[in-house]
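A.B. asks: sequence? don't have it. structure:
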């Protein structure tokens, strides 16, 4: 589908999907042949448009913190990868830490190991290789700086898994 109807919305706040695990909120940065780029809190999300069902724009834009008067702070512009199509974009993310999809059972984070015709391989938590057909990837976000809270949550998950494994060994 052609998403050129969003050309006037570039630079504005949007929400991809009305709800659920694939909902993405952020600023629309650009539109390509088969994906759109949305600046989110985690980084730039590249949303594969064949999977998009709805895009919403607020009628009244909320007053955002960035619009209020603040002391001068250097704002780092988002890192945006340039590509003409989604498959080529994924190739640019080789050896980068990414999040595939936003939530749900097929969401994960890991390092893009390699991309080949029609598929990508992700190293997930240094435990397994996950092979995704590119067509089934709804979105991919390059995580440049994982938030501290996220890192702490990952540590807690690992500790809980170790505890569960130890208690399972005793039975």
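C.D. replies: Structure's in. What do you need? Note that the structure is a prediction, hence the values are computed from the model and not measured.

A.B. asks: What ranges does this protein have for its strands?
C.D. replies: For the chain, strands defined by DSSP state E occupy the ranges 13-16, 24-31, 35-39, 44-48, 55-56, 97-100, 108-116, 119-124, 128-133, 139-142.

A.B. asks: any idea how far the closest residue to residue 53 other than its chain neighbours is from residue 32?
C.D. replies: Distance criterion C-beta to C-beta, 6 or more residues apart in numbering; nearest residue to residue 53, sequence neighbours excluded, is residue 17 at 6.2 Å. To be clear about C-beta, it is placed using only N, CA and C from the backbone, and glycine gets the same treatment. Using C-beta to C-beta, to the nearest Å, one gets 19 Å for the distance from residue 17 to residue 32.

A.B. asks: Looking at these two, which is more packed in?
C.D. replies: residue 17 (20 against 17; other C-beta atoms under 10 Å).

A.B. asks: pretty sure that one is touching residue 24, no?
C.D. replies: Yes - the criterion here is C-beta atoms under 8 Å, and residue 17 meets it with residue 24 at 6.9 Å.
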